[in-house]
Structure formats: structure tokens, C-alpha cells
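Enquirer: A predicted structure for the sequence below; I have some questions about it.
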Amino acid sequence: MSESMKRPQVTLIEGDGIGPEITAATLEAVAAAGGAIDWHPATAGMAAAERHGDPLPAATVESIKQHKVALKGPLGTPIGAGFRSVNVALRQQFDLYANVRPAVTIPGVPSRYTGVDIVMIRENTEDLYAGIEHYVDPRRSAAESIAIITRYGSERIIEYAFQYARRHGRKRVTLVHKANILKLSNGLFLDTGREVAKRYPDIAFDDMIVDATAMKLVITPERFDMIVTMNLFGDILSDLIAGLVGGLGVAPGANIGDGGCAIFEAVHGTAPDIAGRGVANPTAMMLTAAMLLDHVEQGAAASRLRRGLHAALANAETRTGDLGGKLGTADFTKAVIAAMA
């Protein structure tokens, strides 16, 4: 769909804690960038549990089913009462098998590194996070978790990584595993990756053991272009690469499924200690919204939003307090909008 055609309908979950503040700032910036989207508010997380007795109400699920695309702020999960992670539930509900986490150096954002530009593609529905675990004795003195790795799940996430590489002009895909020890499950993932790589002779391919990957990421992150891996390793390493560019406050994320279904999310926490104070940094949410704009084929608006963000962050006078500046959420948003010009 081109930018001149019908406006996309997008479910909007503002989230808990600082979620409402950074979501409001993001919607203002998206509109200023020329994003043409009709937002449909829905609730999830702590706010939904308090209001509806359910952290993932049926109405929210139905809204995402109807509109296929959602923008989501950070969510809290109620403790006890059998509630599980809402984020995991959403990924499984809509089979959002591809977790996409870019990490790019932004001039002006404090970091130990320069020139980092890595995209993490993480399998989102299998592995230890599939939820297959139980106590093995009635005294609950031992528990067992089972990692499920399938050829189907492995092939589709690795295929997604190579397709992403082609669409975005990426040159190398590194598959991360622990097949030297977990020879069957991780070996299946690695063997599948080698087979898929043969279909993409235009893209370089290598594989790396996960512990070596962690070490090399903090020594020479510039040698990585794209990483594809399983759920648990991807969860850990995606936060690591965010740390290379300044932390989760400047790291966007997306969960993609087949048929155009996608949920875009700020991956940081709810930060209840600063909620309502007007000091939260909306950068991660705005970068996430830029990914959403690209997804709905409003690339020009996405570029304007990123340009405004990068310009505001490059200037010490227009950064938020967590990045060494003095601005609160509202004034930072104004600076981003002003910088779009």
C-alpha cells in the first residue's frame, strides 16, 4: 500500500508505567513526520488486569486480529494469579515468530562504541520459552524445562533473516548456536541454517558458538552485520547489542508473523519510579514507530522521524536527562519535531 492510499488501521496499546507518556509523545512525533495512521486504543498488562481482571483482554486480541498491526508500549505482568508474560502470550497467540531488534550507533548517545549497526533476528515461539516445564516430584524439589527446536521453526526464521538481508542491503548473516554441546537441538538449527544459506549465494554466511559471540560482540562489534539465533540466546544477545549503542532506551523492536501481522514494541521496562514525572525518554518508542511506518509503507514519514530523532540526540542541549541532557519528555518531543525540518 502506498502512502497515498487508505490509512492503515493500527491497534495502540500505550502500556504501563511510563507507557502513556512515551506513547503520547510518539503519536505527536509520528503525526508531525507525516505518518497517516488511524489508531485504535486497547489495553493490556497491569492496567488491563486492574480494569478487566485480565492482562490480555479478549477485546485487545480481537483488535489485533482485525487490524493486523499494533504499536505497544512497555507492559507489566501481574505477580501471581497464574498470569504469564503478556509479551510472550501475544507472540504465541499471533505466531509472531520473528523478533527483529536493530542496534545502531546514534551520534550523541553515550556509548563505549562507534559504528555499530547490527540487526538481531530471534526465533520467537520455540526453544525454552515455549513453556514446556514441570516439577518432577511432588515435593517440588526439582523442575524440568524442555527446549523444542523444530526444522519448520528453524527454517522459517533463518529464511526470514536472509530475506531481510536482501531487502535491506545487508551483506552477512551470522547464525549463533551451541551445537558443540547441544548436538541434536542446536545441531538441527545449525544444519537447517547451512541448507537455507545455499539459496542465498549473494549473502555471506557464517556460524558462531554463542559464548564466542558474546565475547566478540564486546571486543569487535563492527564485524557483525546480522545475527539469527534461537529464542533464549536471542533474548540475551539482543539486550547485549542494545547495550553497545546506549541501552534499551534507544533500541526499537518488532515481532513479525506471516500474513502481515506485526506488533511493534518498545523493549525497555515500565520504569514505575519515574512514571508521571514527565522525564521519560521516548526515543525507543519513536524508533519503534519508525519501524512500523516502514512496515505500512510510509517510508518517507519513517525517514523524517528518524532524522528528527538523530538530530535532537546529536545536540547535548536537546537530549533527555538519562542521556546527559536536561529536557523532559514534552520538550524533547518538541525538539525532535523541530529537527525534522
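Expert: Yep, it's here.
Enquirer: can you give me the strands in this protein?
Expert: Here the chain has its strands, by DSSP state E, at 9-13, 38-42, 69-72, 98-104, 117-123, 133-135, 143-145, 172-177, 204-209, 226-229, 252-256, 262-266.
Enquirer: deepest of these, which one?
Expert: Ranked by mean neighbour count, the strands of the chain are led by strand 226-229 with a mean of 28 (mean count of other CB atoms under 10 Å). To be clear about C-beta, it is placed using only N, CA and C from the backbone, and glycine gets the same treatment.
Enquirer: gap between stretch 213-223 and the chain center?
Expert: Relative to its chain's centre, stretch 213-223 lies at 21 Å (CA atoms, centre = their mean, to the nearest Å).
Enquirer: can you tell me what sits against it?
Expert: With contacts defined as CB atoms under 8 Å, 6 or more residues apart in numbering, stretch 213-223 is touched by 113, 115-116, 118, 174, 176, 208, 224, 227, 236-237, 240-241, 244.
Enquirer: ok, now stretch 24-33?
Expert: Under the criterion CB under 8 Å, 6+ apart, residues 12, 14, 37, 39, 71, 282, 285-286, 288-289, 293, 301-302, 304-305, 308-309, 329-330, 332-333, 336-337, 340 lie in contact with stretch 24-33.
Enquirer: list just the nearest of the contacts of stretch 213-223 to Thr60.
Expert: Set against Thr60, the nearest of the contacts of stretch 213-223 by CB to CB is Ile236 (28.5 Å).
Enquirer: now, the contacts of stretch 24-33 that are in helices?
Expert: 285-286, 288-289, 293, 301-302, 304-305, 308-309, 329-330, 332-333, 336-337 (DSSP state H).
Enquirer: of the residues you listed, select the buried ones using a ChimeraX command.
Expert: To isolate the buried ones among those in ChimeraX, judged by 16 or more other CB atoms under 10 Å, type:
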select :285,286,288,289,293,301,302,304,305,308,309,329,332,333,336,337
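Enquirer: so Arg170 touches Val228, yeah?
Expert: No - between Arg170 and Val228 there is no contact, the gap being 11.1 Å when judged by CB atoms under 8 Å.
Enquirer: so who does the one residue sitting closest to the centre of the chain touch?
Expert: Compute the mean C-alpha point of the chain, and by CA atoms, centre = their mean the closest residue is Gly253, 1.8 Å away. Counting by CB under 8 Å, 6+ apart, Gly253 touches 99-101, 238, 264-267, 288, 291.
Enquirer: export those to CSV and tack on distance to Pro20 and pLDDT?
Expert: Converted to CSV, those look like this (distance: CB to CB, whole Å; pLDDT from 0 to 100):
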residue, distance to Pro20, pLDDT
Asn99, 24, 97
Val100, 25, 98
Arg101, 24, 98
Ser238, 25, 97
Phe264, 17, 98
Glu265, 15, 95
Ala266, 12, 91
Val267, 17, 90
Thr288, 15, 98
Met291, 21, 97
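Enquirer: any idea which of the residues you listed is closest to Ala58?
Expert: Taking CB to CB as the measure, Ala58 lies nearest Glu265 of the contacts of Gly253, at 20.3 Å.
Enquirer: excluding its backbone neighbours, what's nearest Leu90?
Expert: Leaving aside its chain neighbours, Leu90 sits nearest to Ile263 (5.9 Å; criterion: CB to CB, 6 or more residues apart in numbering).
Enquirer: residue ranges with poor pLDDT in the stretch 51-200 of the chain?
Expert: Applying pLDDT under 70 to the stretch 51-200 of the chain flags residues 78-84.
Enquirer: all helices for it, in order.
Expert: Assigned by DSSP state H, counting those that start in this stretch, the helices in the stretch 51-200 of the chain fall at 58-67, 86-93, 151-167, 185-197.
Enquirer: would you reformat these as JSON lines and include mean neighbour count and distance to Ala142?
Expert: JSON lines is the format used below for those (neighbours: other CB atoms under 10 Å; distance: least, CB to CB, whole Å):
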{"stretch": "helix 58-67", "mean neighbour count": "16", "distance to Ala142": "35"}
{"stretch": "helix 86-93", "mean neighbour count": "20", "distance to Ala142": "24"}
{"stretch": "helix 151-167", "mean neighbour count": "19", "distance to Ala142": "28"}
{"stretch": "helix 185-197", "mean neighbour count": "20", "distance to Ala142": "21"}
